[in-house]
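>>> What follows is a predicted structure for the sequence shown.
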Amino acid sequence: MAYRCFLILLIAASVEAQSPPDLIVINANIRTMDKDVPLAEAAAVKDGRFIAVGKTADIQSLAGKATRIIDAKGRLVVPGFNDSHAHFMAIGNLFSSIDLSSAKSEEDVIAKFRHFARFLPKGRWILGGKLDPAIRLTAADVDAATPDHPVFVYHSDAKTALANALALKMARLGPEVRVLDAGLIAAMQRAIPNGHVRDWPAIAETATNYAASFGVTSIQDTHSDDMASVYRELDRQGKLKTRIYDCVSLSNWAKLAAFGTRAAEGTAMVRTGCVKGFFDPEDEMTKSLAKDIAAADSTGLQVLVHAIGREANAAVLAAFESAIAANGDRDRRFRIEHAAGMALADLLRLARSNIIPSMQPILFFSEGSGVPDDYRKLIDSGARLAFGADAPMRGFDPLEGIYAAVNAGGKRGLTVEEAVYAYTMGAAYAEFQEKEKGSIKAGKLADLVILTADIFEAKADIRSARVFLTVAGGRIVYENTK
Ligand SMILES: [Zn+2]
């Protein structure tokens, strides 16, 4: 009997071991961001995590009947991008209103509608205006571009408006009406749901769809609004494609502490435990900044503080250092958000106290602030750099940020490897997740992005590369169908 039990257990164990992966990526040019094994050709994914990384022939032999096979055809694969500083709801809200003032032809207008329809959840209204009434629009073309989204946009005179078939149907207006006058506009407005710009679940869903299109599989929401419950609900519905570390305002630290929340707590999809402060001499809250930092830190929360300019950075560094002195050694990973314009001597204080510069190359690139030079010095000093975009300030595309970090400052810019690392492993470290994600390695969360061009090539045009496919947790969350 004992022998039989043993045998059954043995069979069960071997079936488990042989159970094929859910998905494999083969024939890829993988830059793993894993310093031990930097290059690979293929990866296998099971239950949302990488289970093997290696050569195509070896990984292919693991495939079973149900395994989905993605042939990368030699394309570049990197870990999913992690944006360490984003305003996620504001990103989603970019799509709550459409501005058609730059559209000069029917094609322009249709392209804008299609762009919105790509990311908005089905049924969400496309609202806005500044449509040139002289542009001749074919009703059939408008409807073909927006079959699932009611459209209602004002003309630039703000006296008449355009509607698509779905909007007309919802407002119970005849399909023959296209251009609405004042009376019909009133009827249409009654059909529009209240609180369009505060419909957080729809806005978050838009943002997560948009993030996936840039290969962004993780963001750190530094907006300080408490949206974790919205993100969790979206995750429960299977619609969340982005892992989110949701920060709240530093002034709310006591509330989090009362719930016993500590840094980076939660699931692989939604975590909390970060609080964000501001250094601004004009602001009343800045007076108690050092006290608040030390108090929040003493409860085990992770503290992030926004600082731009010499004086601000020096003051935040001093506050962080005194909190460390007061509360003792701990793996706390204080962060300075932006950390731009810091004095050279202060740069070296970051590595010493393991304070993370959370920087946005895209934001400061065009201003010639000398920041790229600082990146080089920062990395050489041993500081752990995390990159983000601060979207929707300028853009959201990590490739724009990588381009900026590499090309700004002439020869003193970063290597592509260093810039991608800051956007993956560096960002993961900044949120205590470097053991879970940030590199393509067996055991880690299966987040990856396939790009259309090899940005590591010496003469690569980084900004013309596009995302070909995005995988988050082993699930394909974006495919470039163009
Ligand atoms: Zn910001």
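Looks like it arrived, so ask away.
>>> All the helices of the stretch 151-300 of the chain, residue numbers only.
Secondary structure of the stretch 151-300 of the chain, counting by DSSP state H, counting those that start in this stretch: helices at 165-170, 182-191, 200-213, 228-236, 253-258, 289-298.
>>> Look up phi and psi at Leu131.
phi -80, psi 130 (degrees, to the nearest 10).
>>> so who does the residue lying closest to it once chain neighbours are set aside touch?
In space, and not counting its chain neighbours, Leu131 is closest to Leu100: 4.3 Å by CB to CB, 6 or more residues apart in numbering. Glycine gets a C-beta too; all of them are placed from N, C-alpha and C. By CB atoms under 8 Å, 6 or more residues apart in numbering, Leu100 lies in contact with 108-109, 112, 128-132, 153.
>>> any idea how far Leu100 is from Asp157?
Leu100 sits at a distance of 13 Å from Asp157 (criterion: CB to CB, to the nearest Å).
>>> same deal with Arg310?
Arg310 sits at a distance of 49 Å from Asp157 (criterion: CB to CB).
>>> what's the closest of the helices of the stretch 151-300 of the chain to Val53?
helix 200-213 (22.2 Å; CB to CB).
>>> Just send the helices of the stretch 151-300 of the chain back as a markdown table, with distance to Asp141, mean pLDDT and mean neighbour count too.
As requested, the helices of the stretch 151-300 of the chain are exported to a markdown table (distance: least, CB to CB, whole Å; pLDDT from 0 to 100; neighbours: other CB atoms under 10 Å):
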| stretch | distance to Asp141 | mean pLDDT | mean neighbour count |
| --- | --- | --- | --- |
| helix 165-170 | 12 | 95 | 20 |
| helix 182-191 | 20 | 93 | 14 |
| helix 200-213 | 23 | 98 | 24 |
| helix 228-236 | 32 | 98 | 18 |
| helix 253-258 | 51 | 94 | 16 |
| helix 289-298 | 54 | 97 | 20 |
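>>> For Phe364, find the nearest of the ones you listed.
Once CB to CB is applied to the helices of the stretch 151-300 of the chain, the stretch that comes out nearest is helix 200-213, at 21.9 Å.
>>> so that closest one versus helix 228-236, what angle?
Orientation note: helix 200-213 sits at an angle of 60 degrees relative to helix 228-236 (axes from the mean of the first three to the mean of the last three CA atoms, to 10 degrees).
>>> Using PDB, write out the CA atom coordinates for helix 200-213.
Extracted in PDB, the C-alpha atoms of helix 200-213 (Å, rounded to 0.1, in the frame of the first residue of the first chain):
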ATOM      1  CA  TRP A 200     -12.900  56.200 -12.900                       C
ATOM      2  CA  PRO A 201     -13.400  52.600 -13.900                       C
ATOM      3  CA  ALA A 202     -13.800  53.600 -17.600                       C
ATOM      4  CA  ILE A 203     -10.900  56.100 -17.300                       C
ATOM      5  CA  ALA A 204      -8.600  53.500 -15.700                       C
ATOM      6  CA  GLU A 205      -9.600  50.900 -18.400                       C
ATOM      7  CA  THR A 206      -8.700  53.500 -21.100                       C
ATOM      8  CA  ALA A 207      -5.300  54.200 -19.400                       C
ATOM      9  CA  THR A 208      -4.400  50.500 -19.100                       C
ATOM     10  CA  ASN A 209      -5.300  49.900 -22.700                       C
ATOM     11  CA  TYR A 210      -3.100  52.800 -23.700                       C
ATOM     12  CA  ALA A 211      -0.200  51.700 -21.500                       C
ATOM     13  CA  ALA A 212      -0.200  48.300 -23.100                       C
ATOM     14  CA  SER A 213       0.200  49.900 -26.600                       C
END
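>>> Residues contacting it, please?
Helix 200-213 is contacted from outside by 83, 88-89, 91-96, 118-121, 124, 197, 217, 219, 227, 230-231, 233-234, 239-242, 396, 467, 470, 472, 477-478, using CB under 8 Å, 6+ apart.
>>> Now, of the residues you listed, which are buried?
Neighbour counting with 16 or more other CB atoms under 10 Å marks 83, 88-89, 91-96, 119-121, 124, 217, 219, 227, 230-231, 234, 240-242, 396, 467, 470, 472, 477-478 as buried within the contacts of helix 200-213.
>>> which residues in the stretch 351-482 of the chain form helices?
Remark: helices assigned in the stretch 351-482 of the chain by DSSP H, counting those that start in this stretch are 361-364, 371-381, 398-407, 416-422, 425-430.
>>> which residues sit against the fourth one?
Defining contact as CB under 8 Å, 6+ apart, one finds that helix 416-422 is touched by 31, 33, 78, 359, 361, 375, 379, 385-387, 401-402, 405-406, 414, 455-456, 460, 462.
>>> Next: the third one.
The list of residues contacting helix 398-407 from outside it, by CB under 8 Å, 6+ apart, reads 81, 83, 214-216, 360-362, 365, 372, 375, 387-389, 413-416, 418-420, 422-423, 451, 455, 462-463, 465.
>>> how about a cut-off of 6 Å?
Helix 398-407 is contacted by residues 81, 361-362, 365, 375, 387, 389, 413-414, 416, 419, 423, 462-463, 465 when judged by CB atoms under 6 Å, 6 or more residues apart in numbering.
>>> just to revisit the earlier point, got the helices of the stretch 351-482 of the chain as TSV, with mean pLDDT, mean neighbour count and distance to Ala186 columns?
TSV is the format used below for these (pLDDT from 0 to 100; neighbours: other CB atoms under 10 Å; distance: least, CB to CB, whole Å):
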stretch	mean pLDDT	mean neighbour count	distance to Ala186
helix 361-364	84	24	42
helix 371-381	77	19	51
helix 398-407	92	24	43
helix 416-422	97	23	52
helix 425-430	98	27	48
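>>> which residues touch the nearest residue to Ala207 once chain neighbours are set aside?
On the basis of CB to CB, 6+ apart, the spatially nearest residue to Ala207 that is not a chain neighbour turns out to be Gly92, at 3.4 Å. For Gly92, the contacting residues are 203-204, 206-207, by CB under 6 Å, 6+ apart.
>>> now His149
117, 120, 126.
>>> pretty sure the last one contacts Val151?
Think Ile126. Yes: counting by CB atoms under 6 Å, Val151 is a contact partner of Ile126 at 4.5 Å.
>>> returning to that earlier point: need the contacts of Gly92 in CSV with distance to Cys274, can you?
Written out in CSV, the entries for the contacts of Gly92 read as follows (distance: CB to CB, whole Å):
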residue, distance to Cys274
Ile203, 21
Ala204, 18
Thr206, 23
Ala207, 18
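>>> Tell me, how many residues neighbour Lys73?
Residue crowding around Lys73 was assessed by other CB atoms under 10 Å; the count is 11.
>>> Next up, the contacts around it.
By CB under 6 Å, 6+ apart, the residues touching Lys73 are Asn27.
>>> low pLDDT regions in the stretch 51-200 of the chain?
Low-confidence segments of the stretch 51-200 of the chain (pLDDT under 70): 177.
>>> where along it do the strands fall?
In the stretch 51-200 of the chain, the segments counted as strands under DSSP state E, counting those that start in this stretch are 68-71, 76-79, 81-86, 98-99, 126-131, 151-155, 161-163, 179-180.
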